[in-house]
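Undergrad: Sequence unavailable; structure follows:
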């Protein structure tokens, strides 16, 4: 019976770790670890981006960094690669102006 209690305890620990890992999906304001997981970047790289002011972030009194999820979404999607259709549409618009 003790092995089954131990198995249940291990399963609960795994569930708890999984829930910690997806917590950022339900929040609008993220801490560094959550932003790291959300963006798929290492925490150290998030700190580097913050120090270089290359990622939108907020600093509470002290040194607590916070991130708005919608700003991270915009930041991650900031350099769109145009499709062939986008380029054709721009070309047609340009040619119609001439």
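TA: Great, that's in hand. This one's a predicted model, so the numbers in the text were calculated from it and none came from an experiment.

Undergrad: use CA for all of it now, contacts and neighbours both
TA: Fine.

Undergrad: ok, and for stretch 69-80, which residues are buried?
TA: For stretch 69-80, burial by neighbour count (16 or more other CA atoms under 10 Å) applies to 69, 72.

Undergrad: what phi and what psi does the backbone show at residue 67?
TA: Main-chain torsions, residue 67, degrees, to the nearest 10: phi -130, psi 140.

Undergrad: swap in residue 30?
TA: Per degrees, to the nearest 10, the backbone of residue 30 is at phi -120, psi 150.

Undergrad: Which residue, other than its chain neighbours, is closest to it?
TA: Once flanking residues are discounted, residue 30 sits nearest to residue 67: 5.0 Å by CA to CA, 6 or more residues apart in numbering.

Undergrad: quick one, helices of the protein?
TA: Taking DSSP state H to define them, one finds helices in the chain at 2-22, 32-39, 43-51, 69-76, 84-97.

Undergrad: Can you add mean pLDDT and distance to residue 61 and give these back as a markdown table?
TA: Shown next, in a markdown table, are the helices of the chain (pLDDT from 0 to 100; distance: least, CA to CA, whole Å):
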| stretch | mean pLDDT | distance to residue 61 |
| --- | --- | --- |
| helix 2-22 | 80 | 25 |
| helix 32-39 | 93 | 15 |
| helix 43-51 | 97 | 16 |
| helix 69-76 | 96 | 20 |
| helix 84-97 | 92 | 45 |
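
Undergrad: Of those helices, which is nearest residue 60?
TA: helix 32-39 (12.4 Å; CA to CA).

Undergrad: Can you give me the separation between the residue nearest to residue 30 and residue 55?
TA: 9 Å (CA to CA, to the nearest Å).

Undergrad: Thank you kindly, that will do.
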